[in-house]
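# let's see this in three dimensions:
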Amino acid sequence: MIIQRLTSAIRHQNGSQIIIEILIVVIGIFLGLQVQSWYDGRIAKQEEGQIIDYLIADIENAVIRLESADNSFTASINAHASLLQQLEQQQLSSDEIDVFEYNLFSVGKTPPFQGYLDTLTDTNIDKIQNSIIKRIINNYLDSKNEQFILLEIVYARLNISRAPVMKKTLISEETSIGVVKFYDFESLKDDYEYKISIGYILNDMTVIQRRLKKVIEYTHTLIEILKGYQSGEKLEEVTFQ
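Numbering: from 1, shown residues only. Next up, the predicted model:
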């Protein structure tokens, strides 16, 4: 209809009518683009909300696993410290032997914590509209990855210290023939190299746990920020040091 009127106005050289028809077309296009922009923004906001909910759920699950790993490190660190104390004794009672063998079983054992926070991908982060939230998440990832790189270095060093220890002692998992035990307490209590290796492992585990606690602290902070953003709280720049 508008095209027909515009064509008729041009044919009859009606200038004012041409301007009016062109304005109607332009305004119509403008309003259409505005509506489409509003609709696209609404869809993007809904998608962002879903992504944030998804990230919060995954990060909260990661915290549970990281805190479980932290508890395992505490138990293992205590076992190594106890082992060093027992190696200073001249002999062990029957009850102390059970503890000693448990401590030997714990030597160098560390919980894995790879594969955490897999939802924090570039694809998901790109769907977040707020630039401050994006910067916070990226800063968190940089800090977390830095800690994990350092952890891998310490893990490698720990495995080097663990090798000579495992040549001299063995307490296996339960098998069809029972628990396999291989150690000589009389030799171990006077073995300086063995004690030094246990001390190195203990030190490395302490370093790993300290780094892990830092990641847990960062992660709790990120969860609170994301929940605050979802509830409409004012955002402030946050860096993870």
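
# mind showing which ranges of this protein have poor pLDDT?
Where the chain drops to pLDDT under 70, the residues are 1-45, 112-119, 122-123, 171-180.

# could you pull out the helices for it?
Assigned by DSSP state H, the chain shows helices spanning 2-11, 15-86, 94-106, 122-126, 131-168, 185-188, 192-230.

# and the third one with helix 192-230, angle?
Meaning helix 94-106. With axes from the mean of the first three to the mean of the last three CA atoms, to 10 degrees as the basis, helix 94-106 and helix 192-230 are set at 70 degrees to each other.

# what are the buried residues along helix 94-106?
Using 16 or more other CB atoms under 10 Å as the test for burial, helix 94-106 gives 100, 101, 103, 104, 105, 106. Where you see a C-beta, it was placed from the backbone N, CA and C, and this is true even at glycine.

# what's the neighbour count on the residue nearest to the third one when sequence neighbours are not counted?
Taking CB to CB, 6 or more residues apart in numbering, and ignoring the residues beside it in sequence, residue 103 has residue 83 as its nearest neighbour in space, at 3.9 Å. The local packing count at residue 83 equals 23, with neighbours defined by other CB atoms under 10 Å.

# touching, residue 83 and residue 100? I think so.
Yes: between residue 83 and residue 100 there is a contact at 7.1 Å, judged by CB atoms under 8 Å.

# circling back: how much space separates the residue nearest to residue 103 from residue 170?
Distance of residue 83 to residue 170, computed by CB to CB, to the nearest Å: 14 Å.

# again with residue 184
In terms of CB to CB, residue 184 sits 11 Å off from residue 170.

# who's more crowded, the two?
Neighbour count, other CB under 10 Å: between residue 184 and residue 170, residue 170 has more, with 15 against 10.

# what's the closest non-adjacent residue to that one?
residue 182 (4.0 Å).

# check residue 135 too.
In space, residue 135 is closest to residue 237, 7.0 Å off (CB to CB, 6+ apart).

# quick one, what contacts the closest residue to residue 241 other than its chain neighbours?
Excluding the flanking residues, the one nearest residue 241 by CB to CB, 6+ apart is residue 143, at 7.3 Å. Listed by CB atoms under 8 Å, 6 or more residues apart in numbering, the contact set of residue 143 reads 218, 240, 241.

# which residues touch stretch 226-241?
With contacts defined as CB under 8 Å, 6+ apart, stretch 226-241 is touched by 49, 52-53, 55-56, 59, 130, 132-133, 135-136, 139-140, 142-144, 218, 221, 225.

# nearest to residue 163 among the buried residues of helix 94-106?
Set against residue 163, the nearest of the buried residues of helix 94-106 by CB to CB is residue 104 (15.2 Å).

# confirm for me that the closest one is in contact with residue 168.
No: here residue 104 does not reach residue 168: they are 9.9 Å apart, not a contact under CB under 8 Å.

# which residues are in contact with both of the two?
Taking CB under 8 Å, 6+ apart as the contact rule, residue 104 and residue 168 both touch residue 183.

# circling back: which among the contacts of stretch 226-241 count as buried?
Neighbour-count burial within those applies to 52, 55, 56, 59, 133, 136, 139, 140, 143, 144, 218, 225; the criterion is 16+ other CB under 10 Å.
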